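**Student:** Okay, here's the prediction I keep looking at, along with the sequence it came from:
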Amino acid sequence: MFSRRDLLAMSAAGAAMVGSGAQAATFGNPDEPPQGAVNAKSPGSLTDPGPQNAALAKQFPSAQTPPATDVGGLPMDWASFNNAPRRIQNGGWARQVTVEDFAISKEISGVNMRLSAGGIRELHWHQAAEWAIMTYGSCRITVLDTQGRPYVGDLNAGDLWYFPPGAPHSLQGLGPDGCEFVICFDDGHANEFNTLLVTDWLAHTPPEVLAKNFGVPADAFAKIPLHNLWIFQGTVPGDLAADRAAIAKHAEAPPYPFIHSLGSSPPVKESSAGSIRVADSTNFKVATTVAAALVTMPPGAVREMHWHPNADEWQYYIKGKARMTVFDTGPNALTTDFSAGDIGYVRRNLGHYVENVGDTELQFVGVFRAPRYEEVSLSNWLTHTPPKLVAQHFNIDEKLIAQWPENGPGVMPKS
């Protein structure tokens, strides 16, 4: 049994704890127990005397000292082509990041490939759809659709291609210095090093069957490669018109091109704070399973707080330095740093923003396993909700709410 004095003492202690907690939980510092360096009072709370790689740690300041608003334990949303092993052959190289390397990336796997001038990624096809963005140089692609309609085209930096699952195709670097590009497959398990290669198939088909299939003597195939080529050095392709004439024969042309100029397309959002360009099945007709948004921002600008309801977002950082915070129920919040060549990942419906924290232009592409691009803007939602209701949520004057940006600006300038 407790005496009245004991109960009063316990009540006072509880009130003191609540008062202490209320004091700690402040704007920019909402959690209990208090998070972040701002709450580290003891001398050893921030030091790291153990073994460390200072050069690597310097690249991730938000991991070393997260903001006090980070909380919980979201899965790692960072990967990079910078530390992915390159498979190098005469004619080019490739490296990849699949779900085997990047556990969160279940919907999309990524490949970074370089082809020399004349370098050929041999004729092949995939179980998954292939979407790609050119980041350097020029490339010629060939592809055949399921109706037997051939297509050949040239791409430059900022251009896209898309090949449906099972569509046979090839890639070749053009002059003067070949090309580099990033491929996304609409399956996190898809593997560039395990594709259906035409040289493998012929080498593992009986010669008499090859003779019947192609209507020529079996010895016509006596010198075919016994091992696949994958990437190999060829001669630089000639005039595009000549190749188009050579493949046409009696076949019809496909109804839609397999390439799209994203980098030079009209932006869907544009201001002094940057631009957003979108390619999906509405303007890139063949891309029925992959949509993309190319975001460009000057220093200090922020990709506004938003989420994507129809797909996970796989990000590739083309240039600049970025910081992204992802929010999930729990609450959980994780802030991560990104540089050129890095990959980010945000699960569908999770709130996030991306901030340019460098002193140069930031550009990244978001890729989605979906037929169309969809986005929900936080400010657009709140400015199209009755102001009195919003004011009661945040203890903010309705006059200030009236100053918030309407209709989803996409990118916001440095404040």
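**Tutor:** Sure thing, it's come through.

**Student:** What count of nearby residues applies to Met76?
**Tutor:** Per other C-beta atoms under 10 Å, the neighbour tally for Met76 reads 12. For glycine as for every other residue, the C-beta is placed from the backbone atoms N, C-alpha and C.

**Student:** hang on, it is in a strand, isn't it?
**Tutor:** No: checked against DSSP: H, G, I helix; E, B strand; the rest coil, Met76 lies outside a strand; its state is coil.

**Student:** so it makes contact with Ile104?
**Tutor:** Yes: if you go by C-beta atoms under 8 Å, Met76 and Ile104 touch, sitting 6.8 Å apart.

**Student:** Now do the same for the residue nearest to Phe221 when sequence neighbours are not counted: its pLDDT.
**Tutor:** With sequence-adjacent residues excluded and distances taken as C-beta to C-beta, 6 or more residues apart in numbering, Phe221 is closest to Leu210, at 5.1 Å. On the pLDDT scale, Leu210 is placed at 98.

**Student:** residues contacting the closest residue to Pro164 other than its chain neighbours?
**Tutor:** Leaving aside its sequence neighbours, Pro164 sits nearest to Ala129 (C-beta to C-beta, 6+ apart; 5.5 Å). Contacts for Ala129 (C-beta atoms under 8 Å, 6 or more residues apart in numbering) come out as 162-165, 185-186, 288-290.

**Student:** now Ala129: how far from Tyr316?
**Tutor:** Noted for Ala129: a distance of 17 Å to Tyr316, by C-beta to C-beta, to the nearest Å.

**Student:** again, but for Gly215
**Tutor:** 45 Å.

**Student:** In terms of neighbours, single out the busier of those two.
**Tutor:** Using other C-beta under 10 Å, the more surrounded residue of Gly215 and Tyr316 is Tyr316, with 24 against 7.

**Student:** wait, isn't Asn82 in contact with Ile343?
**Tutor:** No: here Asn82 does not reach Ile343: they are 9.7 Å apart, not a contact under C-beta under 8 Å.

**Student:** remind me which residues of the stretch 151-300 of the chain are low pLDDT?
**Tutor:** In the predicted model of the stretch 151-300 of the chain, no residue satisfies pLDDT under 70.

**Student:** what ranges do the strands span in it?
**Tutor:** 159-163, 169-173, 179-185, 196-197, 231-233, 259-261, 269-271, 274-279, 291-297 (DSSP state E, counting those that start in this stretch).

**Student:** Make a markdown table out of those and add distance to Lys321.
**Tutor:** A markdown table is the format used below for the strands of the stretch 151-300 of the chain (distance: least, C-beta to C-beta, whole Å):
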| stretch | distance to Lys321 |
| --- | --- |
| strand 159-163 | 25 |
| strand 169-173 | 29 |
| strand 179-185 | 18 |
| strand 196-197 | 38 |
| strand 231-233 | 31 |
| strand 259-261 | 27 |
| strand 269-271 | 21 |
| strand 274-279 | 15 |
| strand 291-297 | 11 |
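
**Student:** for stretch 293-307, which positions count as buried?
**Tutor:** Neighbour-count burial for stretch 293-307 flags 293-298, 300-307 (criterion: 16 or more other C-beta atoms under 10 Å).

**Student:** Alpha carbons of that stretch, as PDB, please.
**Tutor:** Extracted in PDB, the C-alpha atoms of stretch 293-307 (Å, rounded to 0.1, in the frame of the first residue of the first chain):
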ATOM      1  CA  ALA A 293      11.500  12.300 -64.700                       C
ATOM      2  CA  LEU A 294      14.700  14.200 -65.300                       C
ATOM      3  CA  VAL A 295      15.300  16.900 -62.600                       C
ATOM      4  CA  THR A 296      17.800  19.700 -62.900                       C
ATOM      5  CA  MET A 297      18.400  22.200 -60.000                       C
ATOM      6  CA  PRO A 298      20.800  25.000 -59.200                       C
ATOM      7  CA  PRO A 299      22.700  25.200 -55.900                       C
ATOM      8  CA  GLY A 300      20.500  25.500 -52.900                       C
ATOM      9  CA  ALA A 301      17.300  24.500 -54.600                       C
ATOM     10  CA  VAL A 302      15.100  21.700 -53.300                       C
ATOM     11  CA  ARG A 303      12.900  19.200 -55.100                       C
ATOM     12  CA  GLU A 304       9.700  19.800 -53.200                       C
ATOM     13  CA  MET A 305       8.300  17.400 -50.600                       C
ATOM     14  CA  HIS A 306       6.200  14.800 -52.400                       C
ATOM     15  CA  TRP A 307       5.600  11.100 -53.000                       C
END
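
**Student:** Report the contact partners of the residue nearest to the spatial centre of the chain.
**Tutor:** The centre of the chain sits closest to Gln315, judged by C-alpha atoms, centre = their mean, with a distance of 1.9 Å. Applying C-beta under 8 Å, 6+ apart to Gln315 gives the contacts 338, 343-346, 354, 364-367.

**Student:** Quick one: work out the angle between the biggest strand by length in the chain and strand 291-297.
**Tutor:** Longest strand of the chain, by residue count under DSSP state E: strand 130-144. Relative orientation of strand 130-144 versus strand 291-297 (axes from the mean of the first three to the mean of the last three C-alpha atoms, to 10 degrees): 120 degrees.
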